[in-house]
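Novice: this is the structure alone, sequence omitted:
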């Protein structure tokens, strides 16, 4: 098996898993899915400088072939940003779950607490509307 | 090399950590410094604009590494225009946040605001694609904080959605960067344009895929249909000053589409020239229509303002998608107008909600409330601006766009959609205004609302935004002169790469 096949299939499997999990629309799978997607991107970015084995990334007088150092720097930046963002999403998801009582990320929730607040808000809106209509 | 190019990035970059580390609990000093920084950025922006108006493209090489190897900041007329627009928006928004006491609801408002400006200014100045990604992240991370500022369950729920959507967007950005780097071997936009022009036919598919993916990511920021779903909920649930500041965030997407397409897929790119254009126009028309239908369908003023942002982005992108100098100049006139008018509408909706107690910003009649006269006058003027009626700048903006797209392919579609949606939005705002201000319900006593904070000051801030729009109209002649020169500079195939890559060519 060539290294190209290995890297390409790794990127494909990681992205597929990531996209599937992100579309689950609950915070825990979404966080995992985002992590998988960022791994896929890191491997992909790494391969954008071509796959070269055992070559130095810096200039030397008697070196003919190089591995591209730039994608490595990009991947490093991307890892740092993805790490920070994962931490942020985890904290945000936890706080949202504690305050709003739902871990849905696609809008309307399913938990009892969520349905209760929904019912409350629509009831108060209906109250306002009937108040308004009742007046001359 | 002009050292002043770094100033719009350095001012917030130095101030924000300072405030974060040492001035967290000192509100008065934080406020003074924050307003001072906004003023300084406005002054620097105007200075840079005066310099760019001469037609010279200034380049600042970070660490003195020349262009395709190091990261450069590039200042041309377009960047200067965006810097000034950001500064003109930031000052009243900051003033409103202080006047309404929003910055007291948490400790980090001022640093986050400065980080947001850092990201915005950086994105407008950078000439490097990966650096653009980094500045995007800076402005997004700051925007997550600002969006959630003040808290509350509804805001948190909308916030999770906003963060996740943008994280997926950032991932796609990196895919696009990787594809383009793999195919061209460079990240500098001017250099990439040259490489694309020389690319063998076998690489065209890869470059096209990378380029269109990149435009899709910018389209996500610009709320281009079908990537607009995150916007209305986010903008309607966050605090008003934040939503007003976010009015420029969608324009970052539009700016990047323009900058990226003209430098990388410009006239010199052979059969790849203007590749994103045909994809962009139908999406922009759909954005225009859906945005203003949303304005008509909204039941709250904040939601209306959010959909008006989507609709105005549609108008802007219709003109941009033509990729002719005339239509770009027209779009650039509409850009500051739509930014400032959207901000005015968000702030006004907040003032109305604060004075109507339980009725909030719903489009329902309420008992008479404080300052109704002043607010109705401001609402009338803001609605005129957002709809695009004379005498405010929306009217010349739309007129310029209609005039510029005459005779281009798809031009009549733009005519039909812009005129049709103007009628729709006119209806929507007439209905909203009469529901809130005209019809009132007779009750015992006044509406139950806590006394609004600094009522005069907030009204004056909205009035100042409207005055800026009036100034944009009155100074229409010189402004369009500058914008025509801007468009000419953007479409000059040689000017931008020459300025950026000159030094390395000389070295070779």
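Specialist: Nice, I can see it. Computed from a prediction, not measured in an experiment: that's the story for all the values here.

Novice: can we go C-alpha only for contacts and neighbour counts from here?
Specialist: OK.

Novice: residue of the stretch 201-350 of chain B closest to chain A, please.
Specialist: Closest to chain A within the stretch 201-350 of chain B is residue B:233: 9.3 Å, counting by CA to the nearest CA.

Novice: secondary structure element for that residue?
Specialist: For residue B:233, the element it lies in under DSSP states H and E is helix B:230-237.

Novice: return the list of helices and strands in contact with that helix.
Specialist: Judged by 3 or more CA pairs under 8 Å, 6 or more residues apart in numbering or on different chains; DSSP states H and E, the packing partners of helix B:230-237 are helix B:153-184, helix B:240-264, helix B:301-321.

Novice: any idea how far the second one is from the chain center?
Specialist: On the basis of CA atoms, centre = their mean, to the nearest Å, helix B:240-264 is displaced by 4 Å from the centre of the chain it belongs to.

Novice: following it in sequence, what is the next regular element?
Specialist: Counting by DSSP H and E, what follows helix B:240-264 is helix B:277-297.

Novice: ok, the residue of the stretch 201-350 of chain B closest to chain A touching residue B:156?
Specialist: No - Residue B:233 lies out of contact with residue B:156 (CA atoms under 8 Å); the separation is 11.3 Å.

Novice: now do the SS call for residue B:59.
Specialist: strand (DSSP: H, G, I helix; E, B strand; the rest coil).

Novice: who does it bridge with?
Specialist: Residue B:59 has these beta-bridge partners by DSSP bridges: residue B:74.

Novice: ok, it touching residue B:70?
Specialist: No - if you go by CA under 8 Å, residue B:59 and residue B:70 don't touch, sitting 11.8 Å apart.

Novice: show me how far the helix holding residue B:233 is from its chain's centre.
Specialist: Distance, centroid of helix B:230-237 to centroid of chain: 15 Å (CA atoms, centre = their mean).

Novice: then stretch B:2-15?
Specialist: Mean-position distance between stretch B:2-15 and its chain equals 20 Å (CA atoms, centre = their mean).

Novice: buried sites along it?
Specialist: B:5-13, B:15 (16 or more other CA atoms under 10 Å in any protein chain shown).

Novice: for residue B:362, grab phi and psi.
Specialist: When read as degrees, to the nearest 10, the backbone of residue B:362 gives phi -70, psi 150.

Novice: which residues touch residue B:128?
Specialist: Residues near residue B:128 by CA atoms under 8 Å, 6 or more residues apart in numbering or on different chains: B:71-73, B:187-189.

Novice: kindly apply the preceding question to residue B:165 instead.
Specialist: By CA under 8 Å, 6+ apart, the contact set of residue B:165 is residue B:230.

Novice: hang on, the earlier thing: more neighbours: residue B:233 and residue B:156, which one.
Specialist: Taking other CA atoms under 10 Å in any protein chain shown, residue B:233 and residue B:156 do not tie; residue B:156 has more neighbours (25 against 21).

Novice: with adjacent residues omitted, what lies nearest to that one?
Specialist: Using CA to CA, 6 or more residues apart in numbering or on different chains and skipping residues adjacent in sequence, the residue nearest residue B:156 is residue A:96, 5.6 Å away.

Novice: isn't that neighbour up against residue A:104?
Specialist: No - using CA under 8 Å as the test, residue A:96 is too far from residue A:104 to be in contact (9.6 Å).

Novice: neighbour-wise, which of the two wins?
Specialist: Between residue A:96 and residue A:104, counted using other CA under 10 Å, the more crowded position is residue A:96 (26 against 23).

Novice: returning to that earlier point: ok, the contacts of residue B:128 vs residue B:262, which is closest?
Specialist: Nearest to residue B:262 among the contacts of residue B:128: residue B:189, at 9.8 Å, using CA to CA.

Novice: report the contact partners of the closest one.
Specialist: So residue B:189 contacts B:127-129, B:260, B:263-264 (CA under 8 Å, 6+ apart).

Novice: could you rerun that using 10 Å?
Specialist: B:68, B:126-130, B:195, B:259-264, B:496-497, B:500 (CA atoms under 10 Å, 6 or more residues apart in numbering or on different chains).

Novice: what about residue 86, neighbour count?
Specialist: In the absence of a named chain, chain A is used. 18.

Novice: sorry, should have said chain B
Specialist: For residue B:86, the count of nearby residues is 27 (other CA under 10 Å).

Novice: now it: which helix or strand?
Specialist: According to DSSP H and E, residue B:86 maps onto helix B:77-99.

Novice: which neighbouring elements make contact with that helix?
Specialist: Counting contacts by 3 or more CA pairs under 10 Å, 6 or more residues apart in numbering or on different chains; DSSP states H and E, helix B:77-99 packs against helix B:27-52, strand B:72-75, helix B:109-125, helix B:240-264, helix B:325-355, helix B:455-474, helix B:476-491.

Novice: for the ones you listed, which one sits closest to residue A:73?
Specialist: Of the helices and strands packed on helix B:77-99, nearest to residue A:73 by CA to CA is strand B:72-75, at 17.1 Å.
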